[in-house]
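Colleague: Can you look at this prediction? I've put the sequence above it.
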Amino acid sequence: MPRMARKVSSTKVYHVIFRGNDKQDIFFDIQDYKKMMKEIVKTKEKYQYEIFAYCLMTNHVHLILYDRNDNISKAMQGLIVSYSSYFGKKYEKVGHLVQGRFFSKNVETREYLIQLCKYIHQNPVKAKISKLNEYRWSSYNEYINNSNLVETRMILNILGKTKQEAIKNFVAIHQREEEQINDYVEFEIISKLTDIEVKERIEKVLELNNIREIKNYNVQIRNAKIRKLKEIKGTSKSQIARVLGISRKIIERAME
């Protein structure tokens, strides 16, 4: 099946994520993080995109990009290929380092951009590996101090009339602990399950040995079972449809 074209953002701003295949770590030491940063700089210069925020975690990478020349696919492909080549040679690894191609989500509003920036920077805090202002591999401190890699003016201009006011508001926003932030900006790639994992979850929830049997049930029983699948986190209606061998429209109607 051919890959669907990415939907172009009207703002040309995207939240990009890529992570290790089967959730494996893609950074093992400081040199790995430095290499990724070096490759980000290279692709940024080559493809002329701007970075509004970033965070490198052990097994995945977050970027908020302004892709002025519509080169996001080429830029991310180049970044992933270059780093994967380095990683494979260093650790004598074969096969794909990154799970599939990169994932992206359009950022269409200022409110979403601010909340997304906060979400990305808080990743190390949520993972309980570092305090917000002590994490070395995120753009948080570039907003507080002098920026190097990141274009900070867009977000700071939204947050205040003066730079001092904007930074104060930036810090205040990042210190808030609204629970709804996760639902507002987090999207499925962070905890996305593989098809095999989804199949195993479905078997457990529905207590079936062969989940394809669900297609043979009458409509009422089938839909009742499908509704139970709402409790499975980290998947989507499209993925459930694919794993069950049922059309997405049937899944959507059953889950209404």
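Modeller: The structure has been received and is ready for your questions. Keep in mind it's a predicted model, so treat the numbers as computed, not measured.
Colleague: For the rest of this, base every contact and every neighbour count on C-alpha atoms.
Modeller: OK.
Colleague: phi, psi of the spatially closest residue to residue 93 that is not a sequence neighbour?
Modeller: The shortest distance from residue 93 to any non-neighbouring residue, by CA to CA, 6 or more residues apart in numbering, is to residue 87 (7.3 Å). Reported as degrees, to the nearest 10, the phi and psi values for residue 87 are phi -60, psi -40.
Colleague: residues touching residue 87, list them.
Modeller: Contacts for residue 87 (CA atoms under 8 Å, 6 or more residues apart in numbering) come out as 26, 32, 93.
Colleague: where along the stretch 51-200 of the chain do the helices fall?
Modeller: With DSSP state H, counting those that start in this stretch applied, the stretch 51-200 of the chain shows helices at 72-91, 110-121, 123-126, 140-144, 153-159, 163-175, 181-185, 195-206, listed in chain order.
Colleague: ok, and for the fourth one, which residues are buried?
Modeller: The neighbour-count check on helix 140-144 (16 or more other CA atoms under 10 Å) flags 140-141, 143-144 as buried.
Colleague: CA atoms only for it, dumped as CSV, please.
Modeller: C-alpha atoms of helix 140-144 as CSV (Å, rounded to 0.1, in the frame of the first residue of the first chain):
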residue,chain,number,x,y,z
TYR,A,140,14.3,25.1,27.4
ASN,A,141,17.4,27.0,28.5
GLU,A,142,17.7,28.7,25.1
TYR,A,143,14.6,30.6,25.9
ILE,A,144,15.9,31.6,29.3
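Colleague: Show the low-confidence segments of the stretch 51-200 of the chain, by residue range.
Modeller: The model of the stretch 51-200 of the chain has pLDDT under 70 over residues 100, 177-193.
Colleague: can you rerun that using 80?
Modeller: Residues of the stretch 51-200 of the chain that meet the criterion pLDDT under 80 lie in 94-95, 99-101, 177-195, 197.
Colleague: Could you dump the helices of the stretch 51-200 of the chain into CSV with distance to residue 225 added?
Modeller: Formatted as CSV, the helices of the stretch 51-200 of the chain follow (distance: least, CA to CA, whole Å):
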stretch, distance to residue 225
helix 72-91, 38
helix 110-121, 34
helix 123-126, 34
helix 140-144, 45
helix 153-159, 45
helix 163-175, 41
helix 181-185, 25
helix 195-206, 7
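Colleague: Out of the ones you listed, which is closest to residue 49?
Modeller: Evaluated over those, closeness to residue 49 peaks at helix 72-91, with 8.1 Å, by CA to CA.
Colleague: any idea how far that closest one is from the chain center?
Modeller: Averaging C-alpha positions (CA atoms, centre = their mean, to the nearest Å) puts helix 72-91 17 Å from its chain's average.
Colleague: One more: stretch 236-251?
Modeller: 22 Å.
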